[in-house]
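S.K.: only the shape, not the letters, is given here:
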RNA sequence: GGCGCCGUACCCAAGUGGUAAGGGAGAGGUCUGCAAAACCUUUAUGCGGCGGUUCGAAUCCGCCCGGCGCCUCCA
């Protein structure tokens, strides 16, 4: 089965046919860098990370663009209020660009820990003011935009298809529109392309209309089209940006080029915390830096991928600790499997249907990136594998390697949850030397032989206090670091 | 008020027409000096409720109840 993607534009799963045969261009709305990233960012960027990873696994050459919004995103509704970054800068008595730099680094730090692959290009809005002005010029020339007191607005009534992504009609929006205090706009739902800077506004640039700054929506049109072309494959983002942000992007881009903008629109659903929406005003923000203190980043990644990207995800301690146990179980199997491979033994071939698993997992991922289903298959595989690891028979290292290859392809390459180096998956620091641990295991083994169980239990208990867990098996004693 | 989404076991969660994945928790068992891990068995004649379409529905349609999102900050 070929890859199918749920396209918000058609509200259906569609067979994925790229614009260019083997090239895929994907643009995902990145963060506005005025604060630490939270678990909502994690869900969004983990979701698109597996999109990119799976497309690459399928053999596409993917160009992944994710912007950094460092200007123009206002605190109030789309065209009123303070710039978020300026507001933060004022609060902290810093230059706006220092705030941007700080939180951009913080963002990448967090994303790296979640094993999210970096985008190929992370363009900044402030680095593309010229491109944004160029589009605005075209929109004014073609009558889609108008100037008012040094600001420029997009006239939604001129763009017939406005509302096609979010399923809204202009009439409905008039009914639901907020009262406009300043009515520079011809229509209440018109949106800003360029804003004239008020006195005291720091981040501003010259333009044909005023010294000012770009509207929030225009940056994504400018940067996506600059790097991916006027018509490209996938545009992604959080579902809350479907309207107005993405609707506006479509309007201004298609009005400017006369071409269809992104072919497939993908939206990830949102995170709730203990059943409640996570919001600034509710004060229940969970930053990733906080979450990482309680849970290993890969556990959070695993937790996110255990539900579908288009489903809402509820973040609770109960759910997370359940995920941690499941995740440890999965990783445990892979650790033991790899230890067994290292013994490099001959023996029977493990009777696992590797091709069958592979086909099922590809099919699950091809069905609109069904990571939870793929993880379920990894658990099925692990149960089977554990059975053979425990049945006392000797299996050939070569055939065990083939099983391991499944974990590598789907656990690592596609889902990014089972890394190459497994010893680091515990959040405890690995301060105790492995050779020293092996020495203690050997001493304890000797004590057990002599039935000195009080001593052997003492060694096991004390090591556990130090974060080293011993497990006796028929093949000897395994150890691992615990949290 | 307008637009849209969801409601699956004690908890989390896949599943869009063919007779209920997976994880956690619980119960029983195997293995073990003990423990841990692992494995085996077990836990929804049932998918919010009521109708309808169909040979057949968690899946499609209608109504009702409950929860959520967007329309305002947020990925």
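M.R.: Yes, it's here. Just so it is clear, the structure is predicted and the values come from calculations on it, not from any experiment.

S.K.: which stretches of chain A have low pLDDT?
M.R.: The model of chain A has pLDDT under 70 over residues A:1, A:76-80, A:171-183, A:280-282, A:423-431, A:483.

S.K.: residue ranges of each domain in it, please.
M.R.: A:4-268, A:326-424, A:434-481 (automatic domain parsing).

S.K.: in the stretch 101-250 of chain A, which residue sits nearest RNA strand B?
M.R.: residue A:238 (2.4 Å; Cβ to the nearest atom of the strand). Using the backbone N, CA and C atoms, a C-beta is placed for each residue, glycine as well.

S.K.: didn't that residue look like it was pressed against residue A:266?
M.R.: No: applying Cβ atoms under 8 Å, one finds residue A:238 not in contact with residue A:266, separated by 10.4 Å.

S.K.: on that earlier part again, OK, contacts around the residue nearest to the residue of the stretch 101-250 of chain A closest to RNA strand B when sequence neighbours are not counted?
M.R.: Among residues not flanking residue A:238 along the chain, residue A:44 sits closest, at 5.2 Å (Cβ to Cβ, 6 or more residues apart in numbering). Shown in contact with residue A:44 (Cβ atoms under 8 Å, 6 or more residues apart in numbering): A:28, A:237, A:238, A:268.

S.K.: the second one and residue A:295, how far apart?
M.R.: Distance of residue A:237 to residue A:295, given as Cβ to Cβ, to the nearest Å: 26 Å.

S.K.: neighbour-wise, which of those two wins?
M.R.: residue A:237 (23 against 20; other Cβ atoms under 10 Å).

S.K.: secondary structure class for that one?
M.R.: Classification of residue A:237 using DSSP: H, G, I helix; E, B strand; the rest coil returns strand.

S.K.: so what's it bridging to?
M.R.: residue A:267 (DSSP bridges).

S.K.: contacting residues for it?
M.R.: Per Cβ under 8 Å, 6+ apart, neighbours of residue A:237: A:28, A:29, A:44, A:245, A:246, A:266, A:267, A:268.

S.K.: now do the same contact list for the last one.
M.R.: The one in question is residue A:268. A:43, A:44, A:47, A:48, A:236, A:237, A:238, A:239, A:309, A:310 are the contacts of residue A:268 under Cβ under 8 Å, 6+ apart.

S.K.: change it to 6 Å
M.R.: By Cβ atoms under 6 Å, 6 or more residues apart in numbering, the residues touching residue A:268 are A:44, A:47, A:238, A:309.

S.K.: quick one, strands of the stretch 201-350 of chain A?
M.R.: Applying DSSP state E, counting those that start in this stretch to the stretch 201-350 of chain A gives strands spanning A:212-214, A:232-238, A:262-268, A:271-273, A:276-277, A:313-315.

S.K.: returning to what we had before: deepest-packed of the domains of chain A, please.
M.R.: Of those, the one with the most neighbours on average (mean count of other Cβ atoms under 10 Å) is domain A:4-268, at a mean of 19.

S.K.: quick one: that domain to chain centroid distance?
M.R.: For domain A:4-268, the separation from the chain centroid amounts to 17 Å (computed by Cα atoms, centre = their mean, to the nearest Å).

S.K.: skipping its backbone neighbours, what lies nearest residue A:96 in space?
M.R.: Ranked by Cβ to Cβ, 6+ apart and with sequence neighbours excluded, the top spatial neighbour of residue A:96 is residue A:89, at 4.3 Å.

S.K.: for that neighbour, what are phi and psi?
M.R.: Reported as degrees, to the nearest 10, the phi and psi values for residue A:89 are phi -60, psi -40.

S.K.: that one against residue A:99, yeah?
M.R.: Yes: at 4.8 Å, residue A:89 counts as touching residue A:99 under the criterion of Cβ atoms under 6 Å.

S.K.: report the contact partners of residue A:87.
M.R.: Applying Cβ under 6 Å, 6+ apart to residue A:87 gives the contacts residue A:75.

S.K.: name the SS class of it, please.
M.R.: What three-state DSSP gives for residue A:87 is helix.

S.K.: give me the distance between it and residue A:201.
M.R.: Taking Cβ to Cβ, one finds residue A:87 at 11 Å from residue A:201.

S.K.: pull up the residues of the stretch 1-150 of chain A that are close to RNA strand B.
M.R.: Applying Cβ under 7 Å from any atom of the strand, one finds that the stretch 1-150 of chain A approaches RNA strand B through A:11, A:29, A:31-32, A:38, A:40-41, A:43-44, A:73-78, A:81, A:84.

S.K.: redo that, cut-off 10 Å
M.R.: When proximity is defined as Cβ under 10 Å from any atom of the strand, the stretch 1-150 of chain A approaches RNA strand B at A:6, A:8, A:11-13, A:28-45, A:47-48, A:69, A:72-81, A:84, A:87, A:103, A:107.

S.K.: now, those that are in strands?
M.R.: A:6, A:12, A:13, A:28 (DSSP state E).

S.K.: skipping its backbone neighbours, what lies nearest residue A:270 in space?
M.R.: Excluding its sequence neighbours, the residue lying closest to residue A:270 (Cβ to Cβ, 6+ apart) is residue A:312, at 5.7 Å.

S.K.: next up, phi/psi of the one you found, please.
M.R.: Torsion angles, degrees, to the nearest 10, at residue A:312: phi -70, psi 150.

S.K.: quick check: the farthest pair among the contacts of residue A:268?
M.R.: With Cβ to Cβ as the measure, no two of the contacts of residue A:268 lie farther apart than A:238 and A:309, at 10.4 Å.

S.K.: just checking, which helix or strand succeeds the longest helix seen in chain A along the chain?
M.R.: If you go by DSSP state H, chain A has its longest helix at helix A:317-342. Under the assignment DSSP states H and E, the closest C-terminal helix or strand after helix A:317-342 is helix A:354-366.

S.K.: tell me the helix or strand right after that following helix.
M.R.: helix A:371-390.

S.K.: by contact count, what packs against that next one?
M.R.: Judged by 3 or more Cβ pairs under 6 Å, 6 or more residues apart in numbering; DSSP states H and E, helix A:371-390 is in contact with helix A:317-342, helix A:354-366.

S.K.: who's in contact with that helix?
M.R.: Residues from elsewhere that reach helix A:371-390 (Cβ under 6 Å, 6+ apart): A:50, A:305-308, A:330, A:333, A:336, A:350, A:352, A:357, A:360-361, A:364-365.

S.K.: I figured residue A:25 hits residue A:231, correct?
M.R.: No: using Cβ under 6 Å, residue A:25 is not in contact with residue A:231; the gap is 9.3 Å.
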